[in-house]
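A.B. asks: After the sequence you'll find the predicted model.
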Amino acid sequence: MSSDKPQSNQQDATVEQIKRTQRPIYIALGYLGLLPFAISLGVILAATVSGPGVHSAALFGLYAPYVFIAYSACILSFLSGAVWRDHAAEQGVASLLIISNVLAILAWLCLLAIQVSQMLMLLAIAVLMSGYLMLLWAEMMAPGVDDRYTAMRVKLTAWVVAMHLVLLVCLLGDV
C-alpha cells in the first residue's frame, strides 16, 4: 500500500505539470472578449479624429458608444455571475456575493441611464469602469483563485478600464 502513495503523488505532479503547460480556454476567450470593446472604440475614435465627431459614430447602424456600453454592461454582469457561481458554496464570502449582485444591478441601471441624458451616459461609463475594478479587487480577495486567472484578469481589466477612459475622453471632447 505504501508503494501506491508515492506513485499517486507522482501522477498528481505530472497532471499538475500538464495543466500548467496548457493554456486554459478561459485565457483565449478572455482576450477575445476585448474585441467588441476595441472594435466599437475604433469606430468611435475614427469618427472623433477624422469624422464629424463621436456622435456620428455608428456600428451595425447603432450609436457606437451605446454598443460599447451595452457590451460592457453584459460582460460586467457575466463576470459578476461567474463570481456568484464560483463562490456561492463557500463559507465567509457573503460580501463577495453581495458585491457581485450589486455590480450586476448597477450594470443594468447603466443601460437604463444611457437613455436619459448625455451626463448620465458619462456617469454610466464611469460606473461600469469602476465596477470592473471593484470586481477585480473582490476576486483577488477571494480564497483559492488560480494565479493564471488572476494574472489574466489584471491584464484584461487594465485594458478594459483604459478603453473606458478613452471613451470618456472622446465623449467629453464632443460635449
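C.D. replies: It's in. Numbering: from 1, shown residues only.

A.B. asks: any chance you could map the helices in this protein?
C.D. replies: With DSSP state H, the ranges of helices along the chain come out as 4-21, 25-32, 34-50, 64-87, 94-113, 118-141, 147-173.

A.B. asks: Report the angle between the fourth one and helix 34-50.
C.D. replies: Okay, so that is helix 64-87. 160 degrees (axes from the mean of the first three to the mean of the last three C-alpha atoms, to 10 degrees).

A.B. asks: Show me what helix 64-87 is packed up against.
C.D. replies: In terms of contacts (3 or more C-beta pairs under 8 Å, 6 or more residues apart in numbering; DSSP states H and E), helix 64-87 is packed against helix 34-50, helix 94-113, helix 118-141, helix 147-173. Where C-beta positions appear, they are placed from N, C-alpha and C, glycine not excepted.

A.B. asks: Report the mean confidence score over it.
C.D. replies: Mean pLDDT, computed over helix 64-87, is 89.

A.B. asks: Equivalent analysis for the longest one, please.
C.D. replies: On average, the pLDDT along helix 147-173 is 93.

A.B. asks: Now do the buried residues in that helix.
C.D. replies: Met152, Arg153, Leu156, Thr157, Val160, Val161, Met163, His164, Leu167, Cys170, Leu171 (16 or more other C-beta atoms under 10 Å).

A.B. asks: Could you find which two of the residues you listed are furthest from each other?
C.D. replies: Met152 and Leu171 (28.6 Å; C-beta to C-beta).

A.B. asks: can you tell me which residues contact the closest residue in space to Leu45 that isn't next to it in sequence?
C.D. replies: Residue nearest to Leu45 in three dimensions, not counting chain neighbours: Cys170, with 6.8 Å by C-beta to C-beta, 6 or more residues apart in numbering. Neighbouring residues of Cys170 by C-beta atoms under 8 Å, 6 or more residues apart in numbering: Ile44, Leu45, Thr48, Val54.

A.B. asks: Please apply the same query to Leu165.
C.D. replies: Taking C-beta under 8 Å, 6+ apart as the test, what Leu165 contacts is Met129.

A.B. asks: just the one 3 residues further on next, same as before
C.D. replies: Taking C-beta under 8 Å, 6+ apart as the criterion, Leu168 is in contact with Leu122, Ile125, Ala126, Met129.
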